[in-house]
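In: The following block contains a protein sequence and its predicted model.
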Amino acid sequence: MRRRVQLLIAALLMSAAGCADPPAGVDGDLTDDWPPAPAAQQFRPAAGTCHAELPDDGAMARYQPVPCTAEHLTETAAVVDLTDPADAHKHCARRADAFLGADWRLGWVVLQPVLPTEQARAGGARWVRCDVAQTSPVDGDLVARRGSMRAGLRAGAPLRMACGNPTISNEQVTAMRPVTCAEKHRAEFAGLYESKRARPADVTSAEMAKGCGTAIARFAGLPDDGDVPYRVGWLGFPP
């Protein structure tokens, strides 16, 4: 009961104070001198930034871009507005090609669409971050690098597949050491073929032989008559 009385007295004192004349220079309006709060901004990553890791998703808490002149693993080639996440890879591929200066699949490059978290999508996020990274031809691992990958797939650039010396174990290519085409070498990149298979493991040897034979014939100016695999040794590797 005593506490209730104290609270009541405090309330009466505050009410009485409110009735007193305000000090000089105070108009008594508590809201007119405060600017309105800014509108809430949805988090959106920036293009042209580099990152120390290749994340599984674009959570804001893990967004810590670093200068591209510093050591990093990935670079954001573009940030695209996207309604359907299923289209992320297709849209990012186009942007990555423009950023790199050629089809990203022509180089020692991996393309990774980074999507918002489910919570961010529920809050209205509709972007996809298109990250590219350099891969090692020796083991496929990501390469820590300095400097931007922009225009890194122009003809003759180090990131672009060209000539090399493969390491083969049990008829499998286990590594590829790039060399300049002016040096002695045992392999030269001829081109790509696209499979309709959903997974690399589903690509059969016969399909790869046919697809690579067509790519080699086009590259070398040979008739694509099915004899290419017998005239030219070939190596094929799915992503």
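Out: Ah, there it is.
In: Surely residue 192 touches residue 106?
Out: Yes: in this structure, residue 192 is within contact of residue 106 by Cβ atoms under 8 Å, at 7.4 Å. Quick note: C-beta positions are derived from backbone N, CA and C, even for glycine.
In: pLDDT weak spots in the protein?
Out: For the chain, the stretches with pLDDT under 70 are 1-41, 239.
In: quick revisit: more crowded one of residue 192 and residue 106?
Out: For residue 192 versus residue 106, neighbours defined as other Cβ atoms under 10 Å are more numerous around residue 106 (20 against 12).
In: how about the more buried one, what does it touch?
Out: Contacts for residue 106 (Cβ atoms under 8 Å, 6 or more residues apart in numbering) come out as 153, 160-161, 189, 192.
In: Need these in JSON lines (columns: secondary structure).
Out: Compiled in JSON lines, the contacts of residue 106 are given as follows (DSSP: H, G, I helix; E, B strand; the rest coil):
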{"residue": "153", "secondary structure": "coil"}
{"residue": "160", "secondary structure": "strand"}
{"residue": "161", "secondary structure": "coil"}
{"residue": "189", "secondary structure": "coil"}
{"residue": "192", "secondary structure": "coil"}
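In: wait, which of those residues is closest to residue 136?
Out: residue 161 (12.8 Å; Cβ to Cβ).
In: Look up phi and psi at residue 134.
Out: Backbone torsions for residue 134, taken as degrees, to the nearest 10, come to phi -90, psi 140.
In: That one is in contact with residue 108, isn't it?
Out: Yes: Residue 134 lies in contact with residue 108 (Cβ under 8 Å); the separation is 6.1 Å.
In: anything in contact with each of these two?
Out: residue 159.
In: and stretch 42-53, how far from the chain's centre?
Out: Computed by Cα atoms, centre = their mean, to the nearest Å, the chain-centroid distance of stretch 42-53 equals 9 Å.
In: what sits up against that stretch?
Out: Under Cβ under 8 Å, 6+ apart, the answer for stretch 42-53 is 58, 60, 63-68, 70-79, 114, 120, 123-125, 127, 129, 131, 148.
In: buried set for that stretch?
Out: Neighbour counts over stretch 42-53 (16 or more other Cβ atoms under 10 Å) mark 44-45, 49-51 as buried.
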